[in-house]
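# Task: produce atomic coordinates for the following.
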Amino acid sequence: MAIAKKIKVMIVDDSLVFREVIRRGLSSDPSIEVVAVAEDPFDARDKILQFNPDVMTCDVEMPRMNGIDFIRRLLPQYALPIIVVSSVSEAVFDAMKAGAVDFETKPDVRSVRSVEIFIAELINKIKIASHAKVAGPETSQTEWRDPAKTPQVKDMGRIIAIGASTGGTEAIYRILKALPLNTPGIVIVQHIPPMFSRMFADRLNQTCPLEVKEAQNGDIVEQGRVFIAPGDRHIRVKKTGDRFKLECFQGDKVNGHCPSVDVLFESVAKEAGNRSIGVILTGMGYDGAKGLLAMRRRGARTIGQDEHSSVVYGMPKVAYEIGAVEKQTALSDIPYLLMST
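The predicted structure is shown next:
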């Protein structure tokens, strides 16, 4: 029997304590081998060439050069999947824009339970990252259509539902910034820690033409508005008269996630039917596939991100294979399709 190849990981953090916490935690998994640790980007640069890691974890706040600048400089020369390990800060979204694959929040090292949860999440994300496609910093090489030239919406009463996981924060940003103000109301599930969902929504609100907010119970889905599911709540839509109202609620994980894309998509299938468009973006696993199929069976138009433009072609692949995706396309074409479908 062939021996499975271990995932070679390099840890970059200026804190000796965190380097050791991460090293010990990752070493507990038989499929992972920590091949090197580095205290700053300059130390890391040399060790990357020496040890050739498959995945790198990287702190943000470090002396001599911060993690974001390091990622920006590294990726054009060395396509390495990077997971940012940082305190709660909007800087993680800058790191994602620079080309990081995912992020994880540093634990309270005084709490054994906090460290255990952190290590379990990090191990899972490292395994996903080892299969990820590294896109690098956002560039202008991909041609995006001018929002001003997109077609007029055919049905102003429509609702758009979007689901994403690994790589989704940047994909969502790139879609929303290319949409005009007359876009139908959008509801989004992005697998993201609770403390980051509002931060993510606020950041999108500041950088996109549409109004973006973290969803709350009772919000009405309206033209030009975008709602991000809270990181610890499921979200569903409920038809009230000729409008759609949002319900956010706690519940068990579905497909390993809360919020779950399937919960949103299944509610949209039931409540909106052929007045909806479903979009499934980059991410590992299968969350959203069955819900998107339910939407398509109820007359919704459905779109899946293609393999070439996905960071992780997991969720869109499963959805496509079960027949849930009507149109599979590059990320850059999705805004146009949303307005012309």
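# which residues in the stretch 201-341 of the chain form helices?
261-271, 289-297, 315-321, 334-340 (DSSP state H, counting those that start in this stretch).
# what's the closest of these to residue 209?
Closest to residue 209 of the helices of the stretch 201-341 of the chain is helix 334-340 (Cβ to Cβ; 11.3 Å). C-beta coordinates here come from the backbone N, C-alpha and C atoms, glycine included.
# just checking, what packs against the closest one?
In terms of contacts (3 or more Cβ pairs under 8 Å, 6 or more residues apart in numbering; DSSP states H and E), helix 334-340 is packed against helix 168-176, strand 276-280, strand 301-305.
# do that again at 7 Å, thanks
Helices and strands touching helix 334-340, by 3 or more Cβ pairs under 7 Å, 6 or more residues apart in numbering; DSSP states H and E: there are none.
# Pull out the buried positions in it.
If you call a residue buried by 16 or more other Cβ atoms under 10 Å, then helix 334-340 has these buried ones: 334, 335, 336, 337, 338, 339.
# go on, stretch 236-256?
236, 237, 244, 245, 246, 247, 248, 254, 255.
# Give me the domain ranges for this protein.
For the chain, automatic domain parsing gives the domain ranges 7-129, 147-340.
# what's the straight distance from one end of the shortest one to the other?
Spelled out, that is domain 7-129. 10 Å (Cα to Cα, to the nearest Å).
# Now do that domain, average pLDDT.
When pLDDT is averaged along domain 7-129, the result is 94.
# now swap in stretch 227-240 and tell me
Here the average pLDDT along stretch 227-240 is 97.
# can you tell me which helix in this structure is longest?
helix 112-129 (DSSP state H).
# The helix or strand just after that one to strand 301-305, inter-axis angle?
As assigned by DSSP states H and E, the chain's next helix or strand after helix 112-129 is strand 159-164. Strand 159-164 runs at 20 degrees relative to strand 301-305, counting by axes from the mean of the first three to the mean of the last three Cα atoms, to 10 degrees.
# Going by contacts, tell me the helices and strands next to strand 159-164.
Going by 3+ Cβ pairs under 7 Å, 6+ apart, strand 159-164 lies up against helix 168-176, strand 185-190, helix 261-271, strand 276-280.
# Could you check the pLDDT of the residue positioned nearest the centre of the chain?
With distances taken as Cα atoms, centre = their mean, residue 168 lies nearest the centre of the chain, 2.6 Å away. For residue 168, the model assigns a pLDDT of 96.
# how about it, what does it touch?
190, 281, 282, 283 (Cβ atoms under 7 Å, 6 or more residues apart in numbering).
# ok, residue 74 - contacts?
residue 80.
# before we move on, back to that, now the longest helix of the chain: buried residues?
115, 118, 119, 122, 123, 125, 126, 128, 129.
# Who are the packing partners of it?
Using 3+ Cβ pairs under 7 Å, 6+ apart, helix 112-129 sits against strand 7-12, helix 16-27, strand 82-86, strand 102-105.
# give me that answer again for 6 Å
Packing contacts for helix 112-129, counted by 3 or more Cβ pairs under 6 Å, 6 or more residues apart in numbering; DSSP states H and E, involve strand 102-105.
# who touches the strand it packs on?
83, 84, 85, 88, 92, 121, 122, 125, 166, 193 (Cβ atoms under 6 Å, 6 or more residues apart in numbering).
# Any idea how many residues pack against residue 49?
9 (other Cβ atoms under 10 Å).
# in which helix or strand would I find it?
Going by DSSP H and E, residue 49 is part of helix 41-51.
# quick one, that helix and strand 7-12 angle?
Using the same axes, to 10 degrees: helix 41-51 against strand 7-12 is 160 degrees.
# Past helix 41-51, which element shows up next along the chain?
Next along the chain from helix 41-51, counting by DSSP H and E, comes strand 55-58.
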